[in-house]
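**Student:** No letters, just coordinates:
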C-alpha cells in the first residue's frame with residue numbers, strides 16, 4: 001500500500017495529527033467518524049476501515065498541498081455522467097465530488113446525470129448547455145470524435161493516466177488515446193428474480209422472449225442496446241449495418257413487445273427491487289447494486305450467445321469552458337484510492353488495477369464485475385455505426401415502440 005506524506009503545518013486549519021486511530025477525522029472543518037466512507041455490510045463492515053480512512057487522509061493532505069494557494073476566482077465545473085455512476089457518500093461510501101472539492105477548494109462541481117448515450121449526444125448536439133466532463137461509452141466516443149464534438153486532452157494535467165492498464169488503451173474508439181481516459185468497463189446481461197423464474201429457463205437471451213413471464217420483463221429504452229440483444233439472438237454481429245439484418249432484429253423486438261412491462265433505464269432499480277418486474281436486462285455494475293438491495297436477484301451473461309462488453313471513458317466536450325479543471329477532475333478519478341472507493345459503490349470494473357488494493361475483496365474478485373477471459377471471449381464491443389445505419393436503426397426503433 002502506498003505511503004502518505006504528511007502535510008501537517010502547511011495550513012493552520014489542518015490542526016495536528018496523532019499516532020492513534022482517532023474516533024473522528026476533521027475534513028475542512030467537518031467532523032466525521034473515522035470509518036466514514038465504509039460500506040456497512042453485515043460482518044464485513046470493518047474490512048475497509050483502514051483503506052477508507054487513508055482515502056480521506058490522502059484527500060486531506062492533497063487539499064493542504066493544493067488549497068493553501070488556491071485561485072481567487074471560484075470555478076464551476078459542469079460534470080455530466082450516467083445516473084448511479086459515482087459514489088456520493090450514501091450508505092457510508094466515499095463522496096467523490098466532495099473529496100475533489102476539498103482537494104481543489106476553488107472548484108465547485110455541478111454534477112448532473114443522463115440516462116443513456118443517445119440522450120447525452122442529443123443534449124450536446126442541440127447546444128444551449130456547456131459541460132466540462134462527460135462519460136460516454138466507447139461507440140459514442142468514436143461518433144463524437146468523428147463529428148468534432150470532443151477536445152484533445154492535455155495529459156500533462158492527467159499524470160495518473162499512466163496508472164490505467166495498457167489493455168484499456170489504444171482502443172478502436174480512440175486509437176491514439178487523444179480524447180478519452182477510461183473510467184469503467186463492464187458487460188450487459190440479464191438480471192432476474194430467483195423466487196419467480198424457473199432455473200430451467202435461464203441461460204441465454206431467449207428468457208426475454210419467454211411468454212411464461214409476460215408482463216414481468218423490463219427491456220432497454222434505448223435502441224442500440226435493445227437491437228444488440230436481438231442481433232445476438234439472431235446470430236448477427238452487434239455492429240451489423242446490413243439493412244435486412246436490422247429489419248430482422250426490429251421484427252424480433254416487435255414480437256417481444258407484448259411481453260414487455262416497461263422499456264426502462266434507471267427506473268429498472270425500483271421495478272426489480274419492488275418485484276414489480278421479475279426479469280430485466282441491464283449493465284452488470286448496476287445489477288450488482290440491485291442484487292445488494294434484493295438478495296433474491298441474480299445475474300448471468302448468456303452462455304451460448306454474444307453480449308456487449310463496453311468501456312465508459314471520461315472526455316471533454318468541444319464547448320467546455322474549464323478544460324484544465326476538467327483534466328484535474330479526470331486525473332483525480334484515476335487515483336487508485338479514489339477509483340477503488342468509487343468502484344466499490346458503482347460495481348463496475350476499474351481500468352486501474354492498482355485500485356483493487358483499496359476495494360472490498362468481495363467486489364475486487366466479483367465474477368460479475370470481472371468475468372474470466374473465457375467468458376469475455378464471447379463478448380463484443382460496440383463500434384460507431386455509419387450515419388445511414390444509425391438513422392435506419394432509429395427509424396426501426398420508433399416502429400418497435402409505436
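**Tutor:** Okay, I see it. Predicted model, so just to flag it, every value in this text is computed and none were measured.
**Student:** I'd guessed residue 75 sits against residue 324; true?
**Tutor:** No. Applying CB atoms under 8 Å as the test, residue 75 and residue 324 come out as separate, 9.2 Å apart. Using the backbone N, CA and C atoms, a C-beta is placed for each residue, glycine as well.
**Student:** wait, doesn't residue 137 sit right on residue 314?
**Tutor:** No. Judged on CB under 8 Å, residue 137 makes no contact with residue 314 at a distance of 11.8 Å.
**Student:** ok, back up a step: common neighbours of residue 75 and residue 324, please.
**Tutor:** Common contacts of residue 75 and residue 324, defined by CB atoms under 8 Å, 6 or more residues apart in numbering, are absent altogether.
**Student:** Nearest residue to the spatially most central residue of the chain in space, please, no chain neighbours.
**Tutor:** By CA atoms, centre = their mean, the chain has its centre lying nearest to residue 85, at 4.6 Å. Nearest residue to residue 85, sequence neighbours excluded (CB to CB, 6 or more residues apart in numbering): residue 346, at 5.7 Å.
**Student:** Burial check on that neighbour, number of neighbours?
**Tutor:** 24 (other CB atoms under 10 Å).
**Student:** And residue 227, by the same measure?
**Tutor:** Applying other CB under 10 Å, I find that residue 227 has 25 neighbouring residues.
**Student:** My guess is it contacts residue 248. True?
**Tutor:** No. Using CB under 8 Å, residue 227 makes no contact with residue 248, being 10.5 Å away.
**Student:** Any idea how far the longest strand along the chain is from the middle of the chain?
**Tutor:** Longest strand of the chain, by residue count under DSSP state E: strand 181-193. Relative to its chain's centre, strand 181-193 lies at 8 Å (CA atoms, centre = their mean, to the nearest Å).
**Student:** Quick check: next helix or strand after that strand?
**Tutor:** strand 217-220 (DSSP states H and E).
**Student:** For that next one, what does the pLDDT average out to?
**Tutor:** Mean pLDDT, strand 217-220: 98.
**Student:** For the following helix or strand past that strand, buried residues please.
**Tutor:** Sequence-wise, the next helix or strand downstream of strand 217-220 (DSSP H and E) is helix 223-233. For helix 223-233, burial by neighbour count (16 or more other CB atoms under 10 Å) applies to 223-233.
**Student:** Repeat that for stretch 115-132.
**Tutor:** 116-118, 120-121, 123-124, 131-132.
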